[in-house]
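Novice: Return atomic coordinates for the entry below.
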Amino acid sequence: MQRYLSLLVFLVLVLGGGLLIGYATLPGAWYASLAKPPFNPPNWVFGPAWAILYVLIAVAGWRTWQREPSGGAMKIWGVQLVLNFLWSPTFFGAKMMGLALIVIVLLLASILLFIAKVWNRDRPAGWLFAPYAAWVAFATLLNASLLWLN
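Specialist: Numbers count the residues shown, from 1 in each chain. From the prediction side, this is the model:
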């Protein structure tokens, strides 16, 4: 029972935190006015994609915490979450696309580092981060393209 309660805490922290930050920093008119690359997805894609990714992030974090709550992988997991939660306020809130690009590059690096760190001990946790890595790699390209075009 206590094990699943801790999973619920991870889900609330990650999914709840991500959704709160997302709603607090909605794209708005500024983002709509930007020149966009041809591969820019429609706005409605981002909400469902991030909701799914946040569940995967939470489960990977929970699995890692179950195995080694104060280990290196858990610390990397925490860093990536902070960077993840920092990107939207930097990009949409402060409208600082250059700084947001630095944040997202660091985020991608921390995601890949997490995968490498857990790969031999908990491969499912690593695989849970694979779609996240792919999405953030795409988002990094999108952020860079928006900065270039605007």
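
Novice: Tell me which residue is most central in this protein.
Specialist: Centroid-nearest residue in the chain, with C-alpha atoms, centre = their mean: Asn84, separated by 4.3 Å.

Novice: Distance-wise, check it relative to Ile21.
Specialist: Noted for Asn84: a distance of 9 Å to Ile21, by C-beta to C-beta, to the nearest Å. Quick note: C-beta positions are derived from backbone N, CA and C, even for glycine.

Novice: got it, and Pro124?
Specialist: 27 Å.

Novice: Helices of this structure, residue ranges please.
Specialist: 2-11, 17-24, 28-33, 46-67, 72-88, 97-118, 123-149 (DSSP state H).

Novice: and Phe39, which of those helices is closest to it?
Specialist: helix 123-149 (7.5 Å; C-beta to C-beta).

Novice: what's the angle between that closest one and helix 97-118?
Specialist: Interaxial angle, helix 123-149 versus helix 97-118 (axes from the mean of the first three to the mean of the last three C-alpha atoms, to 10 degrees): 160 degrees.

Novice: Helix 123-149 vs helix 46-67, what angle?
Specialist: Interaxial angle of helix 123-149 relative to helix 46-67 (the same axes, to 10 degrees): 140 degrees.

Novice: packing partners for helix 123-149?
Specialist: Judged by 3 or more C-beta pairs under 8 Å, 6 or more residues apart in numbering; DSSP states H and E, the packing partners of helix 123-149 are helix 46-67, helix 97-118.

Novice: what about stretch 84-93, how long is it end to end?
Specialist: Stretch 84-93 has its terminal residues 14 Å apart, counting by C-alpha to C-alpha, to the nearest Å.

Novice: next one: stretch 37-54
Specialist: End to end - C-alpha to C-alpha - stretch 37-54 spans 26 Å.
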